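Structure for this input, please:
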Amino acid sequence: MRALHVTAGRLCAWALSAFALVACRGKHGHDTPPTPPPKHAEQVQIEPRSDMLPAYPCSGCHADRKPRPEKYVLKEFHEVRNHEFSHGEDAFWCYQCHSIKNIDKLVTSTGELVSFDEAYRLCTACHGDKLKDWRAGMHGLVVGNWNGEKRKKSCPACHDPHDPRYPSLKPEKPPAPSKGLKAF
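Next up is the predicted model:
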């Protein structure tokens, strides 16, 4: 094993270098505020959904109905239209998300009215574990250009808010093995 050979010259050079680093007050010294990290230049927009909803506004049917503020099982017209309300293990009902005062708006847990374009704000109140991944583009759909504006789809673009679980799917048969290969 070779011992580190320290000479007076090496020690002096090391001390001078250390002093220079501590005493330096140039552009990169302590007198200059640190440069903030570059901001992410990428702009991401949430794709609006409200332009798809005028064909089926909630108020179209609910405008003349008096809202029922108590929780109840919905067995009316909605089931005929194949709406299954199975979200939150029977803990949710219409006015958990829809505003009782304006059925065409959603309402946050703090009472703030939001448009259907901002449905992700309601979803992530309970599904916060998905929010970080969604913001980073790892959960959900991001459309647009690699080097340009990107648009994210909100949660209801993939998940039916009234029944958000994906249906079980049977897997397809595996492809036939190529000639000369044996199947497992």
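
ok, L122 - how many residues close by?
Neighbour count for L122, taken as other C-beta atoms under 10 Å: 22. From N, CA and C alone the C-beta is placed, and that goes for glycine too.

Over to the one 5 residues further on?
With neighbours defined by other C-beta under 10 Å, the count for H127 comes to 15.

Contact partners for it?
C155 (C-beta atoms under 8 Å, 6 or more residues apart in numbering).

Give the next helix or strand downstream of the helix or strand bottoming out on mean pLDDT in the chain.
Ranked by mean pLDDT, DSSP states H and E, the helix or strand of the chain with the weakest confidence is helix 77-80, at a mean of 50. With elements assigned by DSSP states H and E, the helix or strand that comes after helix 77-80 is helix 94-97.

hey, where'd the strands end up in this structure?
Ranges of strands within the chain are 44-46, 106-107, 113-114, 142-144, 150-152, based on DSSP state E.

Mean confidence (pLDDT) on the last one, please.
This predicted structure assigns strand 150-152 an average pLDDT of 83.

Show me what that strand is packed up against.
Using 3 or more C-beta pairs under 8 Å, 6 or more residues apart in numbering; DSSP states H and E, the elements in contact with strand 150-152 are strand 44-46, strand 142-144.

That strand: which residues count as buried?
For strand 150-152, the neighbour count (16 or more other C-beta atoms under 10 Å) marks K152 as buried.

partners of that strand, with directions?
Its sheet considered, strand 150-152 pairs with strand 44-46 (parallel), strand 142-144 (antiparallel) by DSSP bridges.

Now do the last one, average pLDDT.
Okay, so that is strand 142-144. Mean predicted confidence for strand 142-144 is 80.

my guess is P57 contacts N102, does it?
No: between P57 and N102 there is no contact under C-beta atoms under 8 Å: 11.0 Å.

any common contacting residues for these two?
With C-beta under 8 Å, 6+ apart, P57 and N102 have no common neighbours.

circling back to that earlier point, looking at the strands paired with strand 150-152, which is closest to A176?
strand 142-144 (34.7 Å; C-beta to C-beta).

who's in contact with that closest one?
V44, E47, K150, R151, K152, K153.

make it 6 Å
K150, R151, K152 (C-beta atoms under 6 Å, 6 or more residues apart in numbering).

before we move on, what about stretch 98-113?
P57, C58, S59, H62, P67, C97, V114, L122, A125.

which regions of this structure sit below the pLDDT cut-off?
In the predicted model, the chain carries pLDDT under 70 at residues 1-44, 54-56, 72-92, 164, 181-184.
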